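Engineer: for reference, the sequence and a predicted model appear below.
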Amino acid sequence: LKDTDKEREIEGKVVVVTGGTCDIGYAIADHFLNNGAKVAILLDIKIEEGIQAEKELNSKYGENKAVFIQCDVTVDSKRLSEYILRKFKHVDIFVNNAASVEENEPRKLMLINAVATIEWSIIFFKHMRKDNFRGEGGTIINISSTAAHNIDPLYATYKASKFAILGFSQSLGHKYNYNKYGVRVLTLCPGPTNTTLVNNVYNLYERKLVEKVIKYYNFATIQSSDNVGRGAVEVFRSSESGKSWDIVDEKPPVESPNTITVMPEF
Ligand SMILES: NC(=O)C1=CN([C@@H]2O[C@H](COP(=O)(O)OP(=O)(O)OC[C@H]3O[C@@H](n4cnc5c(N)ncnc54)[C@H](O)[C@@H]3O)[C@@H](O)[C@H]2O)C=CC1
Ligand SMILES: CCCCC/C=C\C=C\C(=O)C/C=C\C/C=C\CCCC(=O)O
């Protein structure tokens, strides 16, 4: 097998997913296990959901296929990355998925969505680097959003965090870095997806305004988390480093536009 073929194989790989106990994160773990991953490690702040998610995935795929570790991504990166590497020896795929949409707690939102994503990416990039002692390469997948392509009146801080993730991931995953270090960095930009997080929108903004935004961007549907999980596996199997992929409207991934749409005044 060529290096790129090995890198794109899922069979036998160790996958870590932050915010992996529900919705999009859970669907990503589920699809990687379904395609032969050795183990999915779910890092999440929510204990009960974590125990439940581990149980469900183990009854679907077999004992010890899923491991829940309680984690606050904003404080636990050093302690838990060391623990994971001691216990599992190597991580092949690291997915930064955990997020907040709490606009009234901007510092916390930026710490979870942007700072933690950057810190965990750097830790596992170093671990995977092929020029490091025993570095075997690997893939980091960062979850941004179609909100990172748009300027409109909604979710200014959340958008800032998703713009940050997209810019960071495309730069870290740039072909130059990939050729030098052998670590792939990919970005996913899901569109509206039926999860706890998106259902928050109507608590914060008038229905009329949200409907205008949805209409402006021509979203046809609020897709399932399952479609994002499926898309993550498809992108993992086919994408070069540094690319970003939109997953929208229950359809397969398409490469993200390198443009920003500004919604006019209305
Ligand atoms: N739902 C949607 O329409 C879209 C979601 N996304 C992105 O997809 C990702 C997943 O979103 P959803 O599944 O919708 O969200 P969700 O709110 O359903 O799940 C997020 C998970 O992150 C965990 N989490 C939050 N703070 C944490 C912390 N400090 N430490 C550890 N875990 C923490 C939560 O406990 C939860 O399990 C996020 O990055 C989100 O921004 C992107 C585009 C659209
Ligand atoms: C009910 C759907 C509202 C429109 C949602 C559109 C895209 C959602 C992207 C997300 O990342 C979803 C997460 C929470 C809502 C946050 C931002 C909506 C911003 C919409 C946009 O400008 O693209």
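Structural biologist: Yep, that arrived. Numbers count the residues shown, from 1 in each chain. Ligands and ions are numbered 1, 2, ... in the order given.
Engineer: who's in contact with the residue of the stretch 1-150 of the chain found nearest ligand 1?
Structural biologist: Across the stretch 1-150 of the chain, the shortest distance to ligand 1 (Cβ to the nearest ligand atom) belongs to G19, at 2.6 Å. (Each C-beta comes from the backbone N, C-alpha and C, glycine too.) Contact partners of G19, counting by Cβ atoms under 8 Å, 6 or more residues apart in numbering, are 25, 43-44, 73, 97-99.
Engineer: just the buried ones from those residues?
Structural biologist: Listed as buried from these are 25, 43-44, 73, 97-99; burial here means 16 or more other Cβ atoms under 10 Å.
Engineer: helices or strands up against the helix or strand harbouring K108?
Structural biologist: Using DSSP states H and E, K108 sits in helix 106-110. Secondary-structure packing of helix 106-110 (3 or more Cβ pairs under 8 Å, 6 or more residues apart in numbering; DSSP states H and E): helix 156-172.
Engineer: now the helix or strand just after the helix it packs on, how far from the centre of its chain.
Structural biologist: The helix or strand immediately downstream of helix 156-172 is helix 175-181, counting by DSSP H and E. Centroid displacement of helix 175-181 relative to its chain, using Cα atoms, centre = their mean, to the nearest Å, is 21 Å.
Engineer: still on that earlier bit, in helices, which of the contacts of G19 fall?
Structural biologist: Applying DSSP state H to the contacts of G19, the entries found in helices are G25.
Engineer: can I get the contacts of G19 in a markdown table with distance to T4?
Structural biologist: Output for these, formatted as a markdown table (distance: Cβ to Cβ, whole Å):
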| residue | distance to T4 |
| --- | --- |
| G25 | 26 |
| L43 | 28 |
| D44 | 31 |
| V73 | 30 |
| N97 | 24 |
| A98 | 29 |
| A99 | 30 |
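Engineer: the strands in this protein, which residues?
Structural biologist: For the chain, strands defined by DSSP state E occupy the ranges 14-18, 39-44, 66-70, 93-96, 138-143, 150-151, 183-190, 244-247, 254-255, 261-262.
Engineer: A164: which of the ones you listed is closest?
Structural biologist: Evaluated over the strands of the chain, closeness to A164 peaks at strand 138-143, with 10.2 Å, by Cβ to Cβ.
Engineer: low-confidence stretches in the stretch 151-266 of the chain?
Structural biologist: For the stretch 151-266 of the chain, applying pLDDT under 70 flags no range at all.
Engineer: ligand 2 contacts on that one?
Structural biologist: By the rule Cβ under 6 Å from any ligand atom, the part of the stretch 151-266 of the chain lying against ligand 2 is 152, 154-155, 158, 191-192, 197-198, 201, 210, 213-214.
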